[in-house]
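[1] give the three-dimensional model of this entry:
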Amino acid sequence: MANNCKIITILLAGGEGKRLTPFSSELNPKQFIKYYGVKKSFFQLALELANIISQKNEIIISSNIKFLAALNRQINEPRSLYSMLLEPISKNTGAAFLLACLHTLEKFGDEKIIFLLTDQILEIKKFSSELEYSLKNIDKYHIYCFGKKTKHMSKEYGYFVSKNHNIVKFIEKPDRQDMEYLATQDSYCNSGIYFGYVSAFLAEFKLLEPELFAHIAKIYKLASKMGNKLIFEANLFKDLKNASFDKLISSRSKNLCFFELKSYWNDIGSFEQFWHEGEDYGQLVFSHYIAQGNLDKFIRDNSGFSYHKNGNKIILSKRPAL
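    Predicted coordinates for the structure are as follows:
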């Protein structure tokens, strides 16, 4: 697709994966975990998809500076091919989206842009085909996302209500009453994958968060450049809102549209979803260090599981039903 429709891909790789503790940790969050029989991490799978969607010099990795060593270990190609935006402090996806938009505008102009999370499972070829179709049917004035029809709802996700492919109501992490309402509507799970023209994203930030826009524009202007990396000033960053793009923009925007995602998608937001992805293997295999105390606590709290060690690997299995 990279030769047919130019698009800048942003890989969001700054999350801390706390809901997957103890299998993820502060310096080895879930996006860097290699799992099952795939032998690739979530981040590496997302980078593989990004290389189908975009040229290498059109891929921007947004992360935290404390994950730089992990990023360097997991990028097998020359790392200078990719731009990196490195935050000093985690401030959720709101700041990451806006910084990536400002960088894209400066480097490429008002191009199409897509934000990919690096803790999701997608069918790479089918997804890239769906994206290519969608990109042919967008305008410069709206932000777009992929919505997924699901049989079961979860308070861990965001959902939206659709009318004529426009999003008329957005509900982040619904309670029981919200779920009852969503069940009566043409509702979709928000995949967290957003795309559109850079100018559309910037217009929404300026409209809905003008003070945040001005603050982040200043942070971007004063960033330190080290080769392919932009490193942002910690003293300016610490006062930013700690809020997601969904909270700042998606739930408030009047210019949000969607395309239904037909191919397989799973957002690994909890251990249950992580286990589900590996269930066909009957076990999960971890080759990174996990503190013994944390592992033992997980087993005490989740009596349906057991583990054994094989060299430096930890193999987690379900206990047979009684």
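
[2] so which elements touch the host helix or strand of Ile167?
    Element membership of Ile167 [criterion: DSSP states H and E] is strand 166-172. Using 3 or more CB pairs under 8 Å, 6 or more residues apart in numbering; DSSP states H and E as the contact criterion, the elements in contact with strand 166-172 are strand 158-163, helix 176-183, strand 256-260. C-beta: built from backbone N, CA, C; applies to glycine.

[3] name the SS class of Phe146, please.
    Of the three states, Phe146 takes strand according to DSSP: H, G, I helix; E, B strand; the rest coil.

[4] run a quick neighbour tally on it.
    The local packing of Phe146 (other CB atoms under 10 Å) involves 25 other residues.

[5] tell me what it is bridged to.
    According to DSSP bridges, Phe259 are recorded as the beta-bridge partners of Phe146.

[6] quick one on the thing from earlier: avg pLDDT for the strand holding Ile167?
    With pLDDT averaged residue by residue, strand 166-172 scores 88.

[7] contacts only, for Phe115.
    For Phe115, the set of contacting residues under the criterion of CB atoms under 8 Å, 6 or more residues apart in numbering consists of Ile10, Leu12, Phe97, Ala100, Gly192, Ile193, Tyr194, Phe195, Phe245.

[8] if we use 6 Å, what do you get?
    By CB atoms under 6 Å, 6 or more residues apart in numbering, the residues touching Phe115 are Ile10, Tyr194.

[9] that one pairs with what?
    So, taking DSSP bridges as the rule, Phe115 has Ile10, Tyr194 as bridge partners.

[10] then the one 5 residues further on?
    Each beta-bridge partner of Gln120 is listed here: Asp267, as defined by DSSP bridges.

[11] tell me, how many residues neighbour it?
    Using other CB under 10 Å as the criterion, Gln120 is surrounded by 20 other residues.

[12] ok so, going back, okay, buried residues for the strand holding Ile167 please.
    Within strand 166-172, the residues that count as buried by 16 or more other CB atoms under 10 Å are Ile167, Phe170, Ile171, Glu172.

[13] closest one to Ile314 among the helices and strands packed on strand 166-172?
    Shortest separation from Ile314 across the helices and strands packed on strand 166-172 is recorded for strand 158-163, at 32.5 Å, computed as CB to CB.
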